[in-house]
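Asks: structure for the following, please:
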Amino acid sequence: MKLMARYLLNAAIFAMILSLPVFAQTGWTIAPRTKADTDLNAVYFADEKHGWTGGDNGFIAWTIDGGLNWTRQFIGTDDTINDVYFRNREKGYALVGERIYASADGGQIWREEKIFKSDEFGNAKPELYSIRFADRKSGWLVGSVSENDKIIDSLVMQTEDGGQTWKRAIVPTKAELIHLDFVNEKRGWIVGANGTILNTRDGGKTWQKQSSTNLATLYHVDFANNNLGWAVGDKGLILRTEDGGERWVAVNSNVTRTLLSVSFSNDKTGFAIGRGGTILRSEDGGKSWIRQLSPTDNGLFGLHIDKKFGWAVGGKGILLKYAR
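Replies: Model prediction:
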């Protein structure tokens, strides 16, 4: 009788364990604070030591010791910083509404650069969300144009002289465009609202739509090479392609939280982050994902992954570090 009772107890415990959510052990920990008490929206590292993060109320900070210490930089605005991106340790950009700020000294001095004419959009207002460079001279900006708080057009800007001048590119959509990624000076992708995915094979001279068979908003895209890429979005959506986006396939993320960023350090290992402190990890090129134990419930908005380390930033100034 006692043996049977013990067996039933063990079986019940085993069943409870199986019913619990599956989490993998994680190397994510809360990093030293940046002194930000507002949301951090973006993070970018030029190398293992030099990194920047930006967010609400014009907050921007940098580190030169791999995130052990952070020092605030002053960009000259109290508006929200949507993106921070550095081409190297010295040359970087911050996107603030319709404005772009540039630095040539690692962010010690920031200067606003005018890229739009004062009457270019009439009563409408442009908003810039993401910036990337493929090489020293070729770069792109993406965003939207709105009027009376309604999106009326997409926005893609291109430079061929290292950011000295920008011109608007023609794209086959009016949807809000949120993020872009280039793997070289020719091949690039843009994602945005209504499942929008755009692709260029000629350095942004022309853009074509790619079908995702999904109308959910896509917030981030990352490509490892010309063929292998990923995009994430609403309600745990993860899309994967092995042919440069000719065919996008939804893979099971096992979460329903909106995912806001995805980044791979190589063609196998990558992470996705999002609302509610969600952290997912893949070790098979994004074919499958395992939820990681997260040290925060705050939303995670920005992600940067390299060969040895990872960084995630989010709500209320949270800053997470990953070490292999």
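
Asks: okay, and the nearest residue to Arg99 once chain neighbours are set aside sits in which element?
Replies: The shortest distance from Arg99 to any non-neighbouring residue, by Cβ to Cβ, 6 or more residues apart in numbering, is to Glu112 (5.6 Å). The C-beta positions use only the backbone N, C-alpha and C, and glycine is treated the same way. In this assignment (DSSP states H and E), Glu112 forms part of strand 111-113.

Asks: any low-confidence regions in the protein?
Replies: 1-26 (pLDDT under 70).

Asks: endpoints of stretch 88-95, how far apart?
Replies: Using Cα to Cα, to the nearest Å, one end of stretch 88-95 lies 17 Å from the other.

Asks: ok, and what's touching it?
Replies: Under the contact criterion Cβ atoms under 8 Å, 6 or more residues apart in numbering, stretch 88-95 has outside partners 44, 46-47, 50, 52, 54, 60, 75, 81-86, 100-107, 110, 128-131, 141, 143, 163.

Asks: partners of the strand holding Glu112, with directions?
Replies: Strands that pair with strand 111-113, judged by DSSP bridges, come out as strand 99-103 (antiparallel).

Asks: Thr256 versus the nearest residue to Arg324 once chain neighbours are set aside, what's the distance?
Replies: Nearest non-adjacent residue to Arg324, counting by Cβ to Cβ, 6+ apart: Lys308, 5.7 Å away. Lys308 sits 31 Å away from Thr256, going by Cβ to Cβ, to the nearest Å.

Asks: and what of Ile290?
Replies: For Ile290, the distance to Thr256 equals 16 Å [Cβ to Cβ].

Asks: now Asn298
Replies: Look at Asn298 and Thr256: by Cβ to Cβ, they are 18 Å apart.

Asks: quick one, which of the two is more surrounded?
Replies: Asn298 (19 against 12; other Cβ atoms under 10 Å).

Asks: and the residue nearest to Arg99, how many neighbours?
Replies: So Glu112, with other Cβ under 10 Å, has 14 neighbours.

Asks: which residues touch it?
Replies: So Glu112 contacts 76, 99-101 (Cβ under 8 Å, 6+ apart).

Asks: among the contacts of stretch 88-95, the buried ones, what's the PyMOL command?
Replies: PyMOL command restricting these to the buried ones, with burial defined by 16 or more other Cβ atoms under 10 Å:
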select buried, resi 44+46+50+52+54+60+75+81+82+83+84+85+86+100+101+102+103+106+107+110+128+129+130+131+141+143+163
